[in-house]
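Peer 1: Mind folding the following:
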Amino acid sequence: MQLSFAFHPRLIDALNGYSRSRCLADVGAGITVGIVALPLAMAFAIASGLPPGAGLWTAIIAGFLISALGGTNVQIGGPAGAFIVIVYGIVERYGVANLLISTACAGALLVLLGLFRLGTLVRFVPVGIVIGFTNGIAVLIALSQLKDWLGLSIARMPGDFFSQVGTLAQHIGSFNPYAFGLGTACLAGLFVWPRLFMQGSPVVRLMEGYSVRSFARVPGPVVALVTLSLLAFVLDFPVETIGSRFGGIPQGLPTFELPDFSWETVRLLVTPTLTIALLGAIESLLCARVADQLATDAHHRKHDPNQELMAQGVANLVVPFFGGMPATGTIARTVTNIRSGATSPVAGIVHAATLAVIVLAAAPLALHIPLAVLAGILLFVAWNMGEWHEFARLRQFSNHYRLLMLGTFFLTVVFDLTVAVEVGLLLACALFVRRMSRLFKAELQPTAADAHGRPAQTWRLHGALFFGAAAKIDPIIQAVEAGPAGMDVVLDASELVALDTTGLDALAQVLKAVQQRGGILHIVHLHEQPRSLMERSGFADRLAAQGSTGVNV
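Peer 2: Sure, this is the predicted structure:
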């Protein structure tokens, strides 16, 4: 395993030849995405069972570190919707203090993954698993927001799916029509807002002659947050707000505090630590791949997965000491950053600075934000997060893919992400072995005698001969035992693409059967990998000792 000490943030390369026009574009994009991040950061923290300030300062600190130290040009880091269910479950089971320890340990693990250059391994996670747990998390996010959307009087939601459904059903009598109206108006507005300024829409026709582009650039979540919070405040709606639940957002800088750390605690937190690290790595690198596909700027370069993991690790190692939550790459804000014209990590740094200025200058205004509005924003995030069209496309794929995706989806919803990914990966491995074993074939060729007139059989091997396909060698052994004494066997390995030790043991059984009948085993037309294994294991020498020419390439 190769260890890399090359810590080379993309920011260093981006600043080489950095121009004034690029700086202006990055500043504009950073301010835009900073405003977009404001309601999302608060909503993600509240939905995770944390105060809104935890999400805001995570977006500021982690957002700065990920942009300054990362391996991408335009990725924006911070709290993400995918972490809501995980963080809520950890807080309920282990407490906030242990969440901070798990996050810091996950950060250290991510740094090690980057140092050992394991960033590319994340690409080995099958797309069916990724889609399954993404859709499952989207369902759980939506379920967790029903309480605030409906305005139900529930002190604290449980962590598991069935308990949440039962709790919502028990308290449906406390339904608040004002909260429901605000949340519904927010959700509907977020769907309608971008369509208002599409070419040919009534709004564009009505405002013909005026520039509507400036209105279109205003983020929908910000419009919903400001207008609906003002409406609820002016009309004095009886709804729960950030102020009534949390007492507001501290206006000063967060304090540096060391959690109560011990080795015994770390041992108990292995599972949540691995969950945070795994999800953070997958989300950040998937987001980086999306950014590579969408970015059209001439200065954009493909991301460095190992540098990105190290930056994510540093961010998650630091934010817990300021009361923050896990952070990763965020697709919605990264896409907003790209579409706003970002060209370098400077935009991400400006985004963090913009958030910091807003928090320090306007924190008291957050007192009046209704939680139902934040619930509407998160319901919109959950809808956009899920790849629901994949369910309709399932009939186009194999039963293996359907089982993998649906299994991961239901395990994520009913149990948790850790179980879903673990079972999903095991299932993916089992299905892969089954499929590869089906591809291997041993076909008898029409040969009755060899060049010396001795009776002979020629078998052609197709595919990979490994532990999952070793049993398919049995027909060769049975044919040898049923054939005439002294019969030679020729194995044509021109289409044998791979061989493992179990497959080699199966060939040894063929050799044994041929020798017992007084024949000679020949293996011809070998590719490099099977030939190398046979030579290193001594099997080639055994072939040569019984009169064969050994292994022939």
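Peer 1: check which helix or strand covers H522.
Peer 2: H522 belongs to strand 521-524 when assigned by DSSP states H and E.
Peer 1: Please identify the buried residues of that strand?
Peer 2: Of the residues in strand 521-524, those with enough neighbours to count as buried (16 or more other C-beta atoms under 10 Å) are 521-523. In short, each C-beta sits where N, CA and C put it, glycine included.
Peer 1: Kindly present those as a markdown table, with separate columns for distance to G166.
Peer 2: Formatted as a markdown table, the buried residues of strand 521-524 follow (distance: C-beta to C-beta, whole Å):
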| residue | distance to G166 |
| --- | --- |
| L521 | 66 |
| H522 | 69 |
| I523 | 64 |
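Peer 1: between those, which is nearest N98?
Peer 2: Proximity of the buried residues of strand 521-524 to N98 was ranked by C-beta to C-beta; the top entry is I523 with 58.0 Å.
Peer 1: tell me the SS of F162?
Peer 2: On the three-state scheme (DSSP: H, G, I helix; E, B strand; the rest coil), F162 is labelled helix.
Peer 1: and it, how many neighbours does it have?
Peer 2: 10 (other C-beta atoms under 10 Å).
Peer 1: Also the one 4 residues further on?
Peer 2: If you count neighbours by other C-beta under 10 Å, G166 ends up with 12.
Peer 1: Could you do V350 as well?
Peer 2: By other C-beta under 10 Å, 25 other residues sit near V350.
Peer 1: For the helix or strand where it lies, the averaged confidence score.
Peer 2: Using DSSP H and E, V350 falls within helix 346-362. Average pLDDT, helix 346-362: 92.
Peer 1: sorry, back to before: just give me the closest of the buried residues of strand 521-524 to E92.
Peer 2: Using C-beta to C-beta, the buried residues of strand 521-524 come closest to E92 at I523, 60.1 Å.
Peer 1: E495 falls within a strand, correct?
Peer 2: Yes - assessed with three-state DSSP, E495 lies in a strand.
Peer 1: hang on, the earlier thing: looking just at contacts, which helices and strands does the helix holding V350 meet?
Peer 2: In this structure, helix 346-362 packs against helix 20-47, helix 52-69, helix 331-339, with contacts taken as 3 or more C-beta pairs under 8 Å, 6 or more residues apart in numbering; DSSP states H and E.
Peer 1: ranking the ones you listed by mean pLDDT, which is last?
Peer 2: If the helices and strands packed on helix 346-362 are sorted by mean pLDDT, helix 331-339 sits at the bottom with a mean of 85.
Peer 1: nearest to I377, of the helices and strands packed on helix 346-362?
Peer 2: Shortest distance between I377 and these, using C-beta to C-beta, is found for helix 20-47: 5.3 Å.
Peer 1: relative to helix 331-339, how tilted is the closest one?
Peer 2: Put simply, helix 20-47 runs at 160 degrees to helix 331-339, going by axes from the mean of the first three to the mean of the last three C-alpha atoms, to 10 degrees.
Peer 1: which of the residues in helix 20-47 are buried?
Peer 2: By 16+ other C-beta under 10 Å, the buried positions in helix 20-47 come out as 22-23, 25-47.
Peer 1: Need the helices and strands packed on helix 346-362 in a markdown table (columns: distance to D13).
Peer 2: Below are the helices and strands packed on helix 346-362 laid out as a markdown table (distance: least, C-beta to C-beta, whole Å):
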| stretch | distance to D13 |
| --- | --- |
| helix 20-47 | 13 |
| helix 52-69 | 13 |
| helix 331-339 | 18 |
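Peer 1: Quick one: closest of those to P158.
Peer 2: helix 20-47 (14.2 Å).
Peer 1: next one: the closest one to chain centre, how far?
Peer 2: Computed by C-alpha atoms, centre = their mean, to the nearest Å, the chain-centroid distance of helix 20-47 equals 22 Å.
Peer 1: what's the angle from it to helix 52-69?
Peer 2: Computed by the same axes, to 10 degrees, the angle separating helix 20-47 from helix 52-69 equals 150 degrees.
Peer 1: How far does the helix or strand hosting N98 sit from its chain's centre?
Peer 2: Assigning secondary structure by DSSP H and E places N98 in helix 96-115. Mean C-alpha position of helix 96-115 versus that of the full chain (C-alpha atoms, centre = their mean) differs by 17 Å.
Peer 1: Over to stretch 11-20?
Peer 2: That offset, for stretch 11-20, works out to 30 Å (C-alpha atoms, centre = their mean).
Peer 1: Endpoint to endpoint, it covers what distance?
Peer 2: Start to finish, the residues bounding stretch 11-20 are 16 Å apart (C-alpha to C-alpha, to the nearest Å).
Peer 1: and it, which residues are buried?
Peer 2: 11, 14.
Peer 1: do the same with stretch 124-144
Peer 2: Buried-residue list, stretch 124-144, by 16+ other C-beta under 10 Å: 125-126, 128-144.
Peer 1: go on, stretch 67-78?
Peer 2: Neighbour-count burial for stretch 67-78 [16+ other C-beta under 10 Å]: 67-78.
Peer 1: what's the answer for stretch 233-249, then?
Peer 2: Within stretch 233-249, the residues that count as buried by 16+ other C-beta under 10 Å are 237, 239-242, 246, 248-249.
Peer 1: Please apply the same query to stretch 514-523.
Peer 2: Quick answer for stretch 514-523 (16+ other C-beta under 10 Å): 514-515, 517, 519-523.
Peer 1: Name the residues that touch that stretch?
Peer 2: 454, 480-481, 483, 485-491, 493, 507, 510-511, 534, 543, 546-549, 551-552 (C-beta atoms under 8 Å, 6 or more residues apart in numbering).
Peer 1: can you list contacts of stretch 89-102?
Peer 2: For stretch 89-102, contacts defined as C-beta under 8 Å, 6+ apart pick out 48-50, 87, 158-159, 259-261, 265-266, 268-269, 272-273, 276, 320-321, 323, 325, 416.
Peer 1: Many thanks, we can stop here.
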